[in-house]
Each structure stands twice: as C-alpha cells, then as structure tokens.
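Q: need the 3D shape of this:
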Amino acid sequence: MGRRVAGLALAAVVPALVAGCSSADAEQVATGHSHAGGGMVSMPVGDGTRASEVGYSLDGLRVRERPEGIGELRFRIDDPDGEPVTDYVEELTKELHLYVVNDDLTVFRHLHPTMDEDGTWTAPFDVPDAGGYRVIAEFVAVDEGGNGDHVVLGRRVALSPGDPGDTAAGDRAVEVTVSQAPRTGSDGVLRLMVRDAAQQPVDIGTYLGAYGHVTGFHTGTGAMVHLHPLAAPEVTEDGSELTFHADVEDAGDYRLFVQVRVDGFLHTVPVELTVAPSA
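A: This is a model prediction of the structure:
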C-alpha cells in the first residue's frame, strides 16, 4: 500500500485531530493510524477515476429504478482473490462512503449504503438529470494481516432522473468562500469561511464525527479529494473559519462540495478552488 494518491493527499484519520491529540499521535496520523483491531490503516490509495486499485475492485454495479422515482445502487467490493470484502474498518462513523457525481460536476450525492451478509452494498439515490455519472466508493478494508487498506474506487454509470430532490446548485442559507487556497506541496493550508445569508458567523456542529466534510474533484481529470478540518472552527467577525492541511500534488481548478451542519441542518455548498503551483 505504498502508492500515493494523486491530487490532494491527507492523513487517513483527521478527526483524531478534531478531538485533540499529542504530538506523537499527530505523527502517527501523518504516517497511517491504528484502529480498534490493533493494526495500521494505510494512507488512501486511488482517486476515484479507476474501478480497481492495489487488487481491490468495485464490481457488480447495478442500477434499479423504482416507480416512486427513487433508484437503488447495488455493488460489491472484491478483494485480490475476487471474493467480496465483508470486513471493514469504520471510518468517520461508517464502513463505506459512497459518492455520486455527474460529468459536469453540478450534481453531487454523499450516500451511506448498507451491506448484506454476502458483501453486496445497496443505497437509495435520486438525481435530477439523466446522463453520465461516476459512482465512487471510499472504504478501509481489513487485510490478511489485520491492517486496514484505505482505498478509493470509481466506476462510470448512466443514470435516469428520479425525484427532483435538491441539486448542488447552491445552498442559499449558508455561504462558503475560500479565505486561503493551498499551493502544491506537502505543507499546503486550505481555509474556508462559513457565513449565513446575513454574512454573519454560524454555529457549526459535527457531521459524521467531524466539523465538516469536503469532497472535491479536479475539473480536468475528475480526480477526487476528501478533506476534513484539523480542528474546531475559529469564530471571528468575518465568519466561522475551518482550517485544513492539504498535501497538493496537482495544480489546477477543483470543484469542492462542502458539507457542514449549521443549526442542526446539513448543508451542501459547491465552492470553486484554484490551486497554484508552488513558487
């Protein structure tokens, strides 16, 4: 599991920093982290543009349409021997995170499927427009040595529209802007400012154990990035600011989908980000 993720690479468990940790713990986060079974979890491998990475594959992807307009995705994760994976490490309170995004990055869904005993995952979904989409699975699989393999896989699929639902066109109740963009390199910092419609600071709660989730996509390559704040938001007169450490390899334009819980409601806000090369 020595490969490095293209784009932005983060330590596998940033929520440990949210709750506070010692310098020794922080060093462990930077090199991989331990889990309840006593093993180590690798840095993430894959960027969601390929269906197979380091022996793991996203297979059996099927779409079932339902009369009421809510579809269902079914898939499995196969191991290097071609057998369905059934043993996962819980990451950010879930064993697997599923993302659905369309080709022009205007529709985004963050789903949490359920797994049957045979290793088949299912998730209900709705999208507002028919067309080409990518289904991306992020998970930590337990390997034969009891360690965790953190992998991100993706596969393309054509989807039909379901219930109109909401799109990622924007969340008018919450505004998110970039207050500091990272440059390429291992020491990048991303800062996001969160405000309400009156341009005032907001009270940010936790969602899946973190103060926010950022799922982003390089507009040129489609490579996915997944970030979480390093600590609780800093509330100033300008807004509530979240800080992320970002190890950015590829310069260019990214479309971020920022998920924050404000006043008990989960908001998904698209944000444009340009990452410049290091000086």
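Q: where does pLDDT dip in the stretch 51-200 of the chain?
A: 67-69, 163-172 (pLDDT under 70).
Q: what about the strands in it?
A: 52-53, 56-64, 71-78, 96-102, 108-111, 114-115, 120-125, 131-142, 148-159, 174-180, 185-196 (DSSP state E, counting those that start in this stretch).
Q: tell me which of the ones you listed sits nearest to Gly209.
A: strand 96-102 (12.1 Å; C-beta to C-beta). No exception for glycine: its C-beta is placed from N, CA and C like everyone else's.
Q: how about stretch 248-257: buried residues?
A: Buried residues in stretch 248-257, counted by 16 or more other C-beta atoms under 10 Å: Val248, Glu249, Asp250, Gly252, Tyr254, Arg255, Leu256, Phe257.
Q: quick one: mean pLDDT for that stretch?
A: In this model, stretch 248-257 has a mean pLDDT of 91.
Q: contacts for that stretch?
A: For stretch 248-257, contacts defined as C-beta atoms under 8 Å, 6 or more residues apart in numbering pick out 4, 6-9, 105, 108, 110, 168, 182-185, 188, 214-221, 223, 225, 268-277.
Q: give the contact list for the residue lying closest to Ala251 once chain neighbours are set aside.
A: In this structure, Ala251 finds its nearest non-sequential neighbour in Pro277, 4.6 Å apart by C-beta to C-beta, 6 or more residues apart in numbering. Going by C-beta under 8 Å, 6+ apart, Pro277 touches Arg183, Thr184, Ala251.
Q: and which of the residues you listed is nearest Val142?
A: Each of these was scored against Val142 by C-beta to C-beta, and Thr184 proved nearest at 33.3 Å.
Q: can you get me a residue count around that closest one?
A: Neighbourhood size, Thr184 [other C-beta atoms under 10 Å]: 18.
Q: how far does stretch 130-149 stretch from one end to the other?
A: 34 Å (C-alpha to C-alpha, to the nearest Å).
Q: how distant is that stretch from the center of its chain?
A: Centroid separation for stretch 130-149 versus its chain: 11 Å, with C-alpha atoms, centre = their mean, to the nearest Å.
Q: ditto for stretch 62-82
A: Distance, centroid of stretch 62-82 to centroid of chain: 19 Å (C-alpha atoms, centre = their mean).
Q: same check, this time on stretch 83-92
A: Chain-centre distance of stretch 83-92: 16 Å, with C-alpha atoms, centre = their mean.
Q: coming back round to it: which one of the contacts of Pro277 is nearest Gly148?
A: Checking the contacts of Pro277 one by one against Gly148 (C-beta to C-beta), the nearest turns out to be Thr184, at 27.8 Å.
Q: test my guess that that closest one contacts Ala276.
A: Yes: using C-beta atoms under 8 Å, Thr184 is in contact with Ala276, at 7.4 Å.
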